[in-house]
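Colleague: dropping a prediction and its sequence here:
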Amino acid sequence: MSRTLTAPPPQAEGSPPQGSPLSNGLKQRHLSMIALGGVIGAGLFVGSGAGIAAAGPSIVLAYAASGLLVMFVMRMLGEMSAANPASGSFSVHADRAIGPWAGFTAGWMFWTLLVVGVAIEAIGAAHIVQGWFPGTPSWLWVLVFMAFFCGSNLAAVSNFGEFEFWFAALKIAAIALFLVLGALAVLGVLPGSDSPGAAHLLHDGGFLPHGMDGLMVGLLASLAAYGGLETVTIAAAESEDPVRGVAKAVRTTMWRIGIVYVGSMLAIVTLIPWNDEAVTESGPYAAVLDRLGVPAGGQIMNVVVLIALLSAMNANIYGSSRMAYSLVSRGQGPKALAKVSGGVPRRAVLASSAFGFFAVLLSYWYPTTVFAWLLNMVGGVVLVVWGFIA
């Protein structure tokens with residue numbers, strides 16, 4: 001029988017998991033995969049195309065700079081979360097260290113970041129499936145995906161953990177294979193392909209074809225790709241061993257994420273011209289596989305991208321609902337969202353999914369422009385959130 005509880009009053013040390021009505025259903029393997037693969041979604045697979053078009057080959061610098069920044073931010077956040085695990089993560093830490101206004105601002109801005117991310121992932125996934133079923137409208141698929149993942153997050157947290165574990169494993173395996181193929185092609189040892197050398201990096205306008213302005217746009221795109229990595233510190237509060245779990249997940253993930261992101265961008269801009277139309281039309285990963293002559297490479301990558309988008313969407317619904325729960329449990333939001341049933345803050349899940357459902361209307365009204373608009377919005381919010389963490 002499910003039980004309905006009201007969140008406990010705020011703790012002096014920031015809502016520790018002990019005594020919390022939230023479930024402790026996440027295992028260490030779940031945390032590791034959430035940290036490693038949960039962030040990989042539209043920002044990397046889809047948004048990187050816009051970043052490459054703006055920054056050219058210098059997108060590698062943008063991702064490297066963002067990666068270095070996120071490494072410092074996550075190390076700081078990991079230390080704080082290991083000392084004081086809480087479903088509100090850095091919002092709780094900001095509340096304690098700076099004041100309630102900082103916890104409120106950081107928490108609700110991060111919530112906004114994640115719910116907008118839900119809409120981005122849903123719209124991106126819908127565009128892929130619409131390509132397979134051209135007679136169906138994009139908004140219909142947004143509705144289907146939102147209904148499914150909102151429903152799954154209303155169930156036990158262990159279901160979320162299993163979804164993310166397998167989704168993340170598939171994404172990581174696909175990117176690892178892409179990096180291996182890319183490295184072989186760059187070295188000129190992949191059968192049927194010649195090494196382009198540094199031609200695509202230095203020609204067609206040079207390394208900075210659009211100057212520093214283009215690099216700044218690319219930097220925003222890269223920040224959006226890294227956004228959401230903080231979810232692992234939120235999930236740690238519902239794990240079997242929050243202290244060790246978050247420390248290990250953050251410590252082992254940073255350099256792996258850097259290799260995946262920076263390595264991918266370097267392979268892409270080395271193997272194909274940055275201004276190739278396929279980079280933005282088909283997506284940079286599919287464009288590279290098609291250029292290398294991988295049979296059905298574009299379609300295979302579309303399946304991988306779809307899985308990545310749905311995975312990130314699932315993680316964003318989870319993270320936003322827990323952040324909302326933490327905020328309202330500290331008196332910084334509508335008390336109605338503090339109800340917990342069966343170890344899940346279901347009202348917070350529904351409230352956090354609302355913007356994703358609103359994206360159904362956005363997809364209907366602005367089917368061609370809504371994705372880029374939302375993606376640009378995310379990059380700026382990420383910087384503000386990281387400022388509070390630091």
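Modeller: Now that the structure is in, tell me what you want to look at. Residues are numbered from 1 along each chain as shown.
Colleague: got phi/psi on Leu154?
Modeller: Here is the backbone geometry of Leu154 (degrees, to the nearest 10): phi -80, psi -10.
Colleague: would you confirm that it contacts Pro345?
Modeller: No - using C-beta atoms under 8 Å, Leu154 is not in contact with Pro345; the gap is 9.8 Å. The way it works is simple: take the backbone N, C-alpha and C, and place the C-beta from them, glycine included.
Colleague: so which of those two has more stuff around it?
Modeller: Just comparing Leu154 and Pro345: by other C-beta atoms under 10 Å the higher neighbour count belongs to Pro345, 28 against 19.
Colleague: what pLDDT does that one get?
Modeller: Here the pLDDT value assigned to Pro345 is 84.
Colleague: can I assume it is in contact with Lys339?
Modeller: Yes - between Pro345 and Lys339 there is a contact under C-beta under 8 Å: 7.1 Å.
Colleague: pull out the buried residues from the host helix or strand of Gly151.
Modeller: Using DSSP states H and E, Gly151 maps to helix 138-153. Buried residues in helix 138-153, defined by neighbour count with 16 or more other C-beta atoms under 10 Å: 138-146, 149-150, 152-153.
Colleague: kindly report the same for stretch 320-331.
Modeller: Ser320, Ser321, Arg322, Met323, Ala324, Tyr325, Ser326, Leu327, Val328, Ser329, Arg330.
Colleague: all strands of this structure, in order?
Modeller: Assigned by DSSP state E, the chain shows strands spanning 4-6, 339-341.
Colleague: rank these by pLDDT, which is bottom?
Modeller: Looking at those, the lowest mean pLDDT belongs to strand 4-6 (a mean of 42).
Colleague: tell me which helix or strand in the chain has the weakest average pLDDT.
Modeller: Lowest by mean pLDDT, DSSP states H and E among the helices and strands of the chain is strand 4-6, with a mean of 42.
Colleague: what about Asn314, neighbour count?
Modeller: By the other C-beta under 10 Å criterion, the neighbourhood of Asn314 contains 26 residues.
Colleague: tell me which residues touch it, please.
Modeller: Phe149, Ser152, Asn153, Phe160, Phe163, Glu164, Phe167 (C-beta atoms under 8 Å, 6 or more residues apart in numbering).
Colleague: out of those residues, what pair is the most spread apart?
Modeller: Distances among those were taken as C-beta to C-beta; the most separated pair is Asn153 and Phe167, at 13.7 Å.
Colleague: tell me what the helix holding Gly151 is packed against?
Modeller: Identification of packing neighbours for helix 138-153 by 3 or more C-beta pairs under 8 Å, 6 or more residues apart in numbering; DSSP states H and E yields helix 100-132, helix 157-187, helix 297-329, helix 346-365.
Colleague: quick check: which of those is nearest to Ala64?
Modeller: helix 157-187 (15.6 Å).
Colleague: now do the buried residues in the closest one.
Modeller: Judged by neighbour count (16+ other C-beta under 10 Å), helix 157-187 contains these buried residues: 157-165, 167-168, 171-172, 174-175, 178-179, 181-182, 185-186.
Colleague: run the chain-centre distance for that helix.
Modeller: 14 Å (C-alpha atoms, centre = their mean, to the nearest Å).
Colleague: ok, stretch 98-113 next?
Modeller: 19 Å.
Colleague: mean confidence score for it?
Modeller: Rounded mean pLDDT across stretch 98-113 is 85.
Colleague: list the buried residues in that stretch.
Modeller: Residues Ala102, Gly103, Phe104, Thr105, Ala106, Gly107, Trp108, Met109, Phe110, Trp111, Thr112, Leu113 are the ones in stretch 98-113 that count as buried (16+ other C-beta under 10 Å).
Colleague: hey, C-alpha coordinates of it in PDB?
Modeller: The C-alpha coordinates for stretch 98-113 follow below in PDB (Å, rounded to 0.1, in the frame of the first residue of the first chain):
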ATOM      1  CA  ILE A  98      25.300  32.300   1.500                       C
ATOM      2  CA  GLY A  99      21.700  32.500   2.600                       C
ATOM      3  CA  PRO A 100      18.200  31.400   1.800                       C
ATOM      4  CA  TRP A 101      18.000  33.800  -1.200                       C
ATOM      5  CA  ALA A 102      21.000  32.000  -2.800                       C
ATOM      6  CA  GLY A 103      19.500  28.600  -2.300                       C
ATOM      7  CA  PHE A 104      16.100  29.700  -3.700                       C
ATOM      8  CA  THR A 105      17.700  31.300  -6.700                       C
ATOM      9  CA  ALA A 106      20.100  28.500  -7.500                       C
ATOM     10  CA  GLY A 107      17.500  25.900  -7.000                       C
ATOM     11  CA  TRP A 108      14.700  27.300  -9.100                       C
ATOM     12  CA  MET A 109      17.200  28.300 -11.900                       C
ATOM     13  CA  PHE A 110      18.400  24.800 -12.000                       C
ATOM     14  CA  TRP A 111      14.800  23.500 -12.000                       C
ATOM     15  CA  THR A 112      14.200  25.800 -14.900                       C
ATOM     16  CA  LEU A 113      17.300  24.500 -16.700                       C
END
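Colleague: okay, Met212: pLDDT?
Modeller: pLDDT, Met212: 90.
Colleague: nice, that's everything, thank you.
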